[in-house]
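Engineer: From the sequence below, what's the structure:
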Amino acid sequence: MAKAIKTWERSGGRSSFSKLTEGMKKPPPLRERISYTVYKLKMQNTRLQQAERRMTDHYNELFRKCTNAVMAKDNTRASMYANECAEVKKMCQTVVRSMFAIEQVILRLETIEEFGDIVVAMNPVAGVINTLRGSLAGIVPEVSYRLGEIGDQMNNMVMESGGVTTTTISVFSSSEEAERILNDANAIAEQRMKERFPALPSTEPPTLEGSS
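Structural biologist: Have a look, this model is predicted:
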């Protein structure tokens with residue numbers, strides 16, 4: 001009887017320990033987590049592409065109405081549509097800028113080959129993601145929220161890879177690298193705006209020749 005009790009106690013102890021360790025599983029390897037981060041960033045870029053198409057369609061419709069108002073010499077209405085076009089174009093440029101910046105982040109994450117490179121590669125691009133999160137908050141809130149989650153996960157990976165001291169040392173170079181990525185993305189976005197968005201017709205009434 002005593003032997004049976006001891007056997008049950010040992011069995012119960014193993015069962016309890018097993019249940020405890022089930023909740024203490026190690027996180028996936030960093031490479032796997034980086035790969036999943038890339039996947040989630042690509043999903044957000046797809047959402048941004050959809051938002052860009054919607055904004056472009058909206059701009060073209062407003063542009064048509066603005067042109068019609070100018071032809072009808074309805075300067076008040078033409079000015080209203082022109083202002084709306086300017087706002088949509090500004091938001092669309094922010095979206096396109098974010099798309100190109102995320103593409104740069106994805107490229108850098110995909111080229112990480114060793115864990116020792118994580119701090120060097122992850123630190124600046126995590127800053128880029130956090131910046132984009134703020135700029136998209138009032139334009140594409142869902143993407144902004146998801147980028148916030150991704151940015152937090154990237155920061156955690158840097159910490160877990162032992163990059164606390166390295167982060168402190170390289171904070172200025174990381175900031176410069178993040179700024180460079182954002183500036184490059186902005187330059188590309190500005191060029192796309194010029195190519196895709198036609199210039200608005202003048203909403204100012206013509207000046208009569210010879211008038212003083």
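Engineer: which other helices and strands contact the helix ranked longest in the chain?
Structural biologist: Scanning the chain for the helix with the most residues, using DSSP state H, yields helix 30-71. For helix 30-71, the elements it packs on are helix 75-110, helix 118-136, helix 141-160, judged by 3 or more C-beta pairs under 8 Å, 6 or more residues apart in numbering; DSSP states H and E. For the C-beta atoms, the positions are set from N, CA and C on the backbone; glycine is no exception.
Engineer: What's the mean pLDDT across that helix?
Structural biologist: Across helix 30-71, pLDDT averages out at 93.
Engineer: If I take it and helix 118-136, what angle do their directions form?
Structural biologist: Interaxial angle, helix 30-71 versus helix 118-136 (axes from the mean of the first three to the mean of the last three C-alpha atoms, to 10 degrees): 30 degrees.
Engineer: what's the angle from helix 30-71 to helix 75-110?
Structural biologist: Here helix 30-71 points in a direction 160 degrees away from that of helix 75-110 (the same axes, to 10 degrees).
Engineer: ok, back up a step: I'd like the helices and strands packed on helix 30-71 as JSON lines, with mean neighbour count, mean pLDDT and distance to Thr46 appended.
Structural biologist: Listed next are the helices and strands packed on helix 30-71 as JSON lines, based on neighbours: other C-beta atoms under 10 Å; pLDDT from 0 to 100; distance: least, C-beta to C-beta, whole Å:
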{"stretch": "helix 75-110", "mean neighbour count": "19", "mean pLDDT": "94", "distance to Thr46": "10"}
{"stretch": "helix 118-136", "mean neighbour count": "21", "mean pLDDT": "84", "distance to Thr46": "14"}
{"stretch": "helix 141-160", "mean neighbour count": "17", "mean pLDDT": "90", "distance to Thr46": "10"}
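Engineer: JSON lines for these, including distance to Ile181?
Structural biologist: Shown next, in JSON lines, are the helices and strands packed on helix 30-71 (distance: least, C-beta to C-beta, whole Å):
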{"stretch": "helix 75-110", "distance to Ile181": "5"}
{"stretch": "helix 118-136", "distance to Ile181": "5"}
{"stretch": "helix 141-160", "distance to Ile181": "14"}
